[in-house]
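S.K.: When you get a sec, could you give me coordinates for this:
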Amino acid sequence: MTDLLRVLPDFPTEPYAGLLPALERHAVTTSDLLTLEVADIGKRTQLPLLDIKRLANAVLRALHEDLGVLAAPAQQQQQQQQQQPAAGPEVRDRDDGEREETAATNEPEGDEEEEKEAAAIATRPEEAPSPPRRPGSLQHTLAGLESRWSAISTLDARLDAALGGGIPTGYVTEIAGESGAGKTQLLLSLLLAVQLAPEHGGLGRPALYISTEAPLSTRRLSQMLAAHPSLCALDPEARAAVSLDRIHSAATPDLESQEHILTYQVPVQVERHGIGLLVLDSVAANYRAEFDRGTAGPASSSSSRLGNMAARGAELVRLGMLLRDLARRHNLAVVVANQVADRFNNPSPAAAASAFRPPPHRLHNLGSSQPGGGPAVSQESPLASRSRAAGPLPAVEPTSSLAAAEAAATQSSSPPPPPPPSMPPPPPEDPLPPPAPPALLLDHQQRWFTGWGDDPFADSGLKTPSLGLVWTTQVAMRIALLKRPAYGRSRYAGDEDEARGTPTLRNWRRWMKVVFAPHVAASGMGLDGATEFEVTMAGVRAVVKEPKR
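M.R.: Numbers count the residues shown, from 1 in each chain. So this is what the prediction gives:
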């Protein structure tokens, strides 16, 4: 099978060597084996149904043992031995058919004191062996998970507080934002912070940086290492543990090299060097270049686009499973940077519902404008517009004569003549299905998992993280970086814009907000709960707001 050894690395494949090649040839995954009917898999692979069912039961049993909801065979045998009553006389069969009863224990009589001492030692609570895990109990407890929980600091106390302690290990975290929002600067800070000792906010482990666009900026890392106040305040021994030598980097210019490095080279590197942080900057660059290419002709554009989306979705699911497995198995933090795209959508739910089913006269009003200017057509996200069915065509035949068009429109708008009394009444027309509720539309739902649009009063500057809803389901934590222009008076005297009263762009303000996470609540609506930060020579730091007098 295609992913059996990735899901269950210790699964014994020898008894099923005759089934696995056929299942892999027909692209049957572990999920298909457990969810599809055995008859459907048999028709697809031409394998015996009993063998397929036996393999499915074995995989299900192995998954239960791995998750801890079913005791392993060795534990079951041990429990059965413990449940057996204390043996008295033991009965043995001799070769000649005679039966002889012997004592169960043949201990010497002089060793009674040693037995008592051994029993007393075994009954001590501090040295008693832990009982085997009962069937149906979980593999990890809450106390065990809390003891294993660790996070990587951003080297700023206010940013760490906004993130619930920092970037957690064991999960895949995404940092999304537009160009210039500070994604790479935050990633570079994490590359240095992970090398610190745990008491200083790190893991004491090296980092691995995989770039898909620009190479790793070692000059910027050296600048941050020399100027960051948190690093400069450390003692010489702790500061010596942070260096550029403990940051490994690799470049993946295309999707093929990215898959090869992540599948084969990264696991070996993590095992060999004990990597504590894996950074992928950025995750969308190679997928955009590979799957968003233009088609050869307009006739095949729709089918090619749908095929590319399906192939990209499968690759994203595979990438997410690989990154989650690395994070969970080695207890490291996986952080990916993601790009964003502009989103044009109607903030009104009623207008979104009306846009879901366009009226028949919409085609005639494409050229009309609203009183405020602009066409009367609402723009939506590309995924929502592709999923919506096309509107009904007009009942009037197109014509080049204005008078003929008006006459045809009048005839089409007038009610049809009633049928003669002798004819039966025509059957009633099937009414159109009601539109979906506005709360179920993608344009409404994505406001709470993209990071942009959760404020109902913000109708401009909306963004959508790349790779769509499929990639959103693969990450456990999403951090959105937002930026807004800050206007002011020009610093140059006699500027023409200042003389005209036009404000000029002075700088950019940046905010960081948690969209969703497994360990901390979301930041809230809009910029109210977001944390403002700035990019300096030393890295990123939170902006301290002065109290109003």
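
S.K.: pLDDT score assigned to residue 502?
M.R.: Per-residue pLDDT puts residue 502 at 68.

S.K.: next one: residue 438
M.R.: 76.

S.K.: Please report the distance of it from residue 162.
M.R.: To residue 162, residue 438 is 32 Å away according to CB to CB, to the nearest Å. From N, CA and C alone the C-beta is placed, and that goes for glycine too.

S.K.: which one of these two has more residues nearby?
M.R.: The residue with more neighbours, out of residue 438 and residue 162, is residue 162; 23 against 16, by other CB atoms under 10 Å.

S.K.: quick one: contacts for the more buried one?
M.R.: Shown in contact with residue 162 (CB atoms under 8 Å, 6 or more residues apart in numbering): 512, 513, 514, 523, 531, 542.

S.K.: if we go to 10 Å?
M.R.: 154, 156, 479, 511-514, 520, 523, 529-531, 533, 542 (CB atoms under 10 Å, 6 or more residues apart in numbering).

S.K.: what's the answer for residue 229, then?
M.R.: Shown in contact with residue 229 (CB under 10 Å, 6+ apart): 155, 156, 538, 539, 541.

S.K.: residue contacts, the fourth one?
M.R.: So that's residue 539. Contact partners of residue 539, counting by CB under 10 Å, 6+ apart, are 154-156, 182, 185-186, 188-190, 192-193, 220-221, 223-225, 227-231, 533.

S.K.: at 7 Å what do you get?
M.R.: Shown in contact with residue 539 (CB atoms under 7 Å, 6 or more residues apart in numbering): 155, 185, 189, 224, 228.

S.K.: can you list contacts of stretch 149-161?
M.R.: By CB under 7 Å, 6+ apart, the list of residues contacting stretch 149-161 reads 163, 165-169, 186, 189-190, 193-194, 198, 201-203, 228, 230, 277, 333, 512, 531, 533, 539-542.

S.K.: hang on, the earlier thing: include distance to residue 248, neighbour count and pLDDT when you put the contacts of residue 539 into JSON lines, please.
M.R.: Listed next are these as JSON lines, based on distance: CB to CB, whole Å; neighbours: other CB atoms under 10 Å; pLDDT from 0 to 100:
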{"residue": "155", "distance to residue 248": "20", "neighbour count": "26", "pLDDT": "95"}
{"residue": "185", "distance to residue 248": "20", "neighbour count": "19", "pLDDT": "96"}
{"residue": "189", "distance to residue 248": "17", "neighbour count": "25", "pLDDT": "97"}
{"residue": "224", "distance to residue 248": "18", "neighbour count": "22", "pLDDT": "96"}
{"residue": "228", "distance to residue 248": "21", "neighbour count": "23", "pLDDT": "95"}
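
S.K.: And the residues you listed, which is closest to residue 313?
M.R.: Nearest to residue 313 among these, counting by CB to CB, is residue 185 at 31.0 Å.

S.K.: Secondary structure element holding that closest one?
M.R.: helix 183-193 (DSSP states H and E).

S.K.: Packing partners of that helix?
M.R.: strand 172-177, helix 218-227, strand 277-281, strand 333-338, strand 539-542 (3 or more CB pairs under 7 Å, 6 or more residues apart in numbering; DSSP states H and E).

S.K.: so which of the ones you listed comes closest to residue 36?
M.R.: That would be strand 172-177 among those, by CB to CB, at 27.9 Å.

S.K.: Make TSV out of the contacts of residue 539 and add distance to residue 35.
M.R.: Converted to TSV, the contacts of residue 539 look like this (distance: CB to CB, whole Å):
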residue	distance to residue 35
155	45
185	44
189	43
224	49
228	50
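
S.K.: Closest to residue 337 out of these?
M.R.: residue 185 (10.8 Å).

S.K.: Return the residues in contact with the closest one.
M.R.: Per CB under 7 Å, 6+ apart, neighbours of residue 185: 535, 539, 540.

S.K.: any idea which of the contacts of residue 162 is the one closest to residue 307?
M.R.: Nearest to residue 307 among the contacts of residue 162: residue 479, at 32.4 Å, using CB to CB.

S.K.: residue contacts, the closest residue to the closest one other than its chain neighbours?
M.R.: Closest residue in space to residue 479, ignoring its immediate chain neighbours: residue 175 at 4.9 Å, by CB to CB, 6 or more residues apart in numbering. For residue 175, the contact set (CB under 7 Å, 6+ apart) comprises 183, 186, 335, 337, 479, 481.

S.K.: Spatially, which two of the residues you listed are the most separated?
M.R.: Longest span within the contacts of residue 175, CB to CB: 335 and 481, 12.8 Å.

S.K.: More neighbours: which of the two?
M.R.: A count of neighbours by other CB under 10 Å puts residue 335 above the other of residue 335 and residue 481, at 30 against 24.

S.K.: now the strands: where do they sit in the stretch 1-150 of the chain?
M.R.: Assigned by DSSP state E, counting those that start in this stretch, the stretch 1-150 of the chain shows strands spanning 90-93, 99-102.

S.K.: ok, back up a step: please check the contacts of stretch 149-161 and keep the buried ones.
M.R.: 163, 165-169, 186, 189-190, 193-194, 201-203, 228, 230, 277, 333, 512, 531, 533, 539-542 (16 or more other CB atoms under 10 Å).

S.K.: Please point out which parts of stretch 255-268 sit buried.
M.R.: 255, 258, 259, 262, 266, 267.

S.K.: Inside helices: which ones of the residues you listed?
M.R.: 255, 258, 259, 266, 267 (DSSP state H).

S.K.: picking that back up, so which of the contacts of residue 539 comes closest to residue 49?
M.R.: Lowest distance from residue 49 to those (CB to CB) belongs to residue 189, with 56.6 Å.

S.K.: Pretty sure that closest one sits against residue 538.
M.R.: No - contact criterion CB atoms under 7 Å: residue 189 and residue 538 do not qualify, at 9.2 Å.

S.K.: overlap in contacts of these two?
M.R.: In contact with both residue 189 and residue 538: residue 224, using CB under 7 Å, 6+ apart.

S.K.: Provide the secondary structure category for residue 455.
M.R.: Put simply, residue 455 is coil when judged by DSSP: H, G, I helix; E, B strand; the rest coil.

S.K.: Tell me who's in contact with it.
M.R.: Residue 455 neighbours (CB under 7 Å, 6+ apart): 525, 526.

S.K.: where's it relative to residue 267, distance?
M.R.: In terms of CB to CB, residue 455 sits 42 Å off from residue 267.

S.K.: ok, residue 478 - how many residues close by?
M.R.: Count around residue 478 with other CB under 10 Å applied: 22.

S.K.: where does it fall, helix, sheet strand or coil?
M.R.: Residue 478 - assigned by three-state DSSP - is strand.

S.K.: Number of residues surrounding residue 2?
M.R.: 16.

S.K.: Help me confirm that it comes into contact with residue 24.
M.R.: Yes - contact between residue 2 and residue 24 holds when scored by CB under 7 Å: they sit 5.7 Å apart.

S.K.: To what extent is residue 475 buried, counted in neighbours?
M.R.: With other CB under 10 Å as criterion, residue 475 counts 25.

S.K.: ok so it is a helix residue?
M.R.: No - checked against three-state DSSP, residue 475 lies outside a helix; its state is coil.

S.K.: ok, of the contacts of residue 175, which one's closest to residue 328?
M.R.: Proximity of these to residue 328 (CB to CB) peaks at residue 335, which lies at 15.0 Å.
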